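Asks: sequence and predicted model, in that order:
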There are 2 protein chains.
Amino acid sequence: MLTKQLAFGDIETAAQRLAGIAHHTPVLHSSTLDARANATLFLKCENLQRIGAFKFRGAYNFLASLPEGVRARGVVAFSSGNHAQGVALAARLFGVPATIVMPTDAPVLKLEATLGYGAEVVPYERATSHREEIAANLAAERGATLVPPFDDERIAAGAGTAALELLEAIDGLDAIVVPVGGGGLMSGTAIAAHGIDSKIAIYGVEPSAGDDFAQSLRAGRRVTIPVPKTIADGLQTTAPGELTFAIAREHVGGIVTVSDDELCDAMRFAFERMKIVIEPSGAAPLAALLQHRIPMLQGKRVGVIVSGGNIDPARYGELITSRSTV
Amino acid sequence: MLTKQLAFGDIETAAQRLAGIAHHTPVLHSSTLDARANATLFLKCENLQRIGAFKFRGAYNFLASLPEGVRARGVVAFSSGNHAQGVALAARLFGVPATIVMPTDAPVLKLEATLGYGAEVVPYERATSHREEIAANLAAERGATLVPPFDDERIAAGAGTAALELLEAIDGLDAIVVPVGGGGLMSGTAIAAHGIDSKIAIYGVEPSAGDDFAQSLRAGRRVTIPVPKTIADGLQTTAPGELTFAIAREHVGGIVTVSDDELCDAMRFAFERMKIVIEPSGAAPLAALLQHRIPMLQGKRVGVIVSGGNIDPARYGELITSRSTV
């Protein structure tokens, strides 16, 4: 039985907590993009959020919801990057210690930013170690609270506030498309959107190398896959969350996949025509829309959550100049 | 005697013409940037404008101000890139032909975009040919109107609408800092700002290799320099305009210069911490502020016009990964 729940009111509460703390990120539009995608797209630019990704919203909402005495003992998280930065900045804003368990292959920019926000970083080998275990042990040792990356109603509620802002800014959206890792952003977006208008279709986009969520929805149960090999380092989850899967089954219209080449193509488009930096994970919805991967969105008004922009400069230069095979 | 004039009312008129046509670009803020610059900065992101630069505003305002019969015979412009794209898109929106005289070394992205907006492109050798002459001859042959790049009250008025929007969005600015090529953006910004509050200080930033405007202000007359060698391809002007120089003498607090290395440093900062793509020319004010080049702005509230983001992917990758000597 599912004990965790997420309601529209949780997202409204998160929005109140984040007011004046998180950036109210801009919504961008491009005629050239619309022509290519054959739809009217509105990009909610969470790459322009504090820490360069939507993850700040959930992390801050989580910390804000902890009792003061608990929060004061500090927080621990495991993350390849954006959640790490989100927790590190939220902890700094509350003046409490943060310890982040990060894979040794995390992007240097994400690692440096996490250290820059004053967090302690504990490295682990992605292929061999159990990061959940390392993080849980650290939390127990220090009396600190573990901040889960996505399968938590406070994290998902924070993530959902981006969609809330998008829907306040843009009328008459037919759908919202989001990238899918563990499903926290997708769940929060779905609950936010359907709290306002149950007819708004929610679509998720996964890297084709890591389609655990699509497989799970087809199977009707949570499927676990090996760590996927993809340039989308933020979407290398191996299974949907319990809460996020339950919400997706009820609220999500479909999940499509995109290749790494298609992600590069979308990143390059965003660079050339929109002048915004999107990391591979954050480019997944744009990639799907440029490829017309969701046919029912043709001609529609579509919100797009651009989830993040954290990528090393050299890597970015490589990816936006790579020869497209799309 | 100066026959051309620019008044605050011209900027208001331009803003009315641009309403619903130009993007109302976002104003971004970054705590990390403020800490580095020791000031509170508000970035008016004209790199997120249509065609990726503020130049669309002036070009559209110019075309809008032409009598319909004149406009119908088409327009001609000479430009290394952003003005070209601005004129090309404005002409397409009005359904009139555009011919653009572009240097053979113009960034490929700018060239392709100009062609993409349906303009005819006539190439010239930057070092040897007289582009003004080529363009003037073309205009005469075709009965078309030459759209000047900056030394024109309609162009400068359009450019000034960006500052108007910035001042509507942000209260209590002490100063606005802009990049300086021919001075169209600086003039428009100054007239817009001082039409609202004469105490707002206006500063310009030039590449150190091409400080014709700073030299001219010191000399008290318009000084002409050889074509400057700088990565800031949008600021390779050789002399201030007549109108823009006159406005600068009356309204501008000072002009400072930045090196190409400092431009790269600012572009990399914008990439890493703000997730926006800025071309070298557009990064000039940010570079000056990161270097504390304008001491009187320390601790102040400062508007920054980020003028454009058009740069080839390979070139961008090079510049944001170049080893800083700053």
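Replies: Structure received. Numbers count the residues shown, from 1 in each chain, chains lettered A, B, ... in the order given.
Asks: C-alpha from now on. contacts and neighbour counts both.
Replies: OK.
Asks: all helices of chain A, in order?
Replies: For chain A, the helices defined by DSSP state H occupy A:8-18, A:31-37, A:55-65, A:68-72, A:82-94, A:108-116, A:131-142, A:153-169, A:184-196, A:212-219, A:242-251, A:260-269, A:284-290, A:313-321.
Asks: what is the second one packed up against?
Replies: The reference is to helix A:31-37. Contact partners of helix A:31-37 among helices and strands, from 3 or more C-alpha pairs under 8 Å, 6 or more residues apart in numbering or on different chains; DSSP states H and E: strand A:40-45, helix A:284-290.
Asks: how about TSV for those, with distance to residue B:288, mean neighbour count and mean pLDDT added?
Replies: Shown next, in TSV, are the helices and strands packed on helix A:31-37 (distance: least, C-alpha to C-alpha, whole Å; neighbours: other C-alpha atoms under 10 Å in any protein chain shown; pLDDT from 0 to 100):
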stretch	distance to residue B:288	mean neighbour count	mean pLDDT
strand A:40-45	27	24	98
helix A:284-290	35	28	98
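Asks: nearest to chain B, out of those?
Replies: Nearest of those to chain B, taken as C-alpha to the nearest C-alpha: strand A:40-45 at 9.8 Å.
Asks: the closest one near chain B anywhere?
Replies: No - remark: strand A:40-45 sits outside contact range of chain B, by C-alpha under 8 Å from any C-alpha of the partner chain, the gap being at least 9.8 Å.
Asks: who touches that strand?
Replies: The contact list for strand A:40-45, computed with C-alpha atoms under 8 Å, 6 or more residues apart in numbering or on different chains, reads A:25-30, A:33-34, A:162-163, A:166, A:170, A:299-308.
Asks: need the contact list for the residue lying closest to residue A:23 once chain neighbours are set aside.
Replies: Leaving out its chain neighbours, the residue that sits closest to residue A:23 by C-alpha to C-alpha, 6 or more residues apart in numbering or on different chains is residue A:49, at 5.6 Å. Residue A:49 makes contacts with A:22, A:23, A:24, A:25, A:56, A:308, as judged by C-alpha under 8 Å, 6+ apart.
Asks: by neighbour count, which of those wins?
Replies: When neighbours are counted by other C-alpha atoms under 10 Å in any protein chain shown, residue A:56 leads the contacts of residue A:49 with 30 neighbours.
Asks: excluding chain neighbours, what is closest to it?
Replies: Nearest residue to residue A:56, sequence neighbours excluded (C-alpha to C-alpha, 6+ apart): residue A:86, at 4.0 Å.
Asks: what's the distance between that neighbour and residue A:309?
Replies: Separation of residue A:86 from residue A:309 (C-alpha to C-alpha, to the nearest Å) stands at 13 Å.
Asks: what does the stretch 151-300 of chain A have sitting close to chain B?
Replies: Taking C-alpha under 8 Å from any C-alpha as the measure of proximity, the stretch 151-300 of chain A contacts chain B at A:268, A:271, A:272, A:273, A:274, A:275, A:276, A:277, A:278.
Asks: please identify which residue in chain A comes closest to chain B.
Replies: Nearest residue of chain A to chain B: residue A:317, at 4.0 Å (C-alpha to the nearest C-alpha).
Asks: can you report how many residues lie near that residue?
Replies: Other residues near residue A:317 come to 21 when the count uses other C-alpha under 10 Å.
Asks: test for you: state the pLDDT assigned to it.
Replies: Looking at residue A:317, its pLDDT is 97.
Asks: if I pick the closest residue in space to it that isn't next to it in sequence, what's in contact with it?
Replies: Spatial nearest neighbour of residue A:317, chain neighbours left out: residue B:317 (4.0 Å); criterion: C-alpha to C-alpha, 6+ apart. When contacts are counted by C-alpha under 8 Å, 6+ apart, residue B:317 touches A:313, A:314, A:316, A:317, A:318.
Asks: from residue B:269, how far off is residue B:317?
Replies: Counting by C-alpha to C-alpha, the gap from residue B:317 to residue B:269 is 13 Å.
Asks: and for residue A:265?
Replies: The value you get for residue A:265 to residue B:269, if C-alpha to C-alpha is used, is 24 Å.
Asks: swap in residue A:228?
Replies: 31 Å.
Asks: could you do residue A:295 as well?
Replies: Distance of residue A:295 to residue B:269, given as C-alpha to C-alpha: 39 Å.
Asks: likewise for residue A:13?
Replies: For residue A:13, the distance to residue B:269 (C-alpha to C-alpha) stands at 34 Å.
Asks: neighbour-wise, which of these two wins?
Replies: Neighbour tally, residue A:13 and residue B:269, criterion other C-alpha under 10 Å: the higher count belongs to residue B:269, 21 against 16.
Asks: list the contacts for residue A:82?
Replies: Residues in contact with residue A:82 (C-alpha under 8 Å, 6+ apart) are A:51, A:52, A:53, A:55, A:56, A:110, A:234, A:308, A:310.
Asks: closest to residue B:260 out of those?
Replies: If you rank the contacts of residue A:82 by distance to residue B:260 using C-alpha to C-alpha, residue A:310 comes first, at 24.8 Å.
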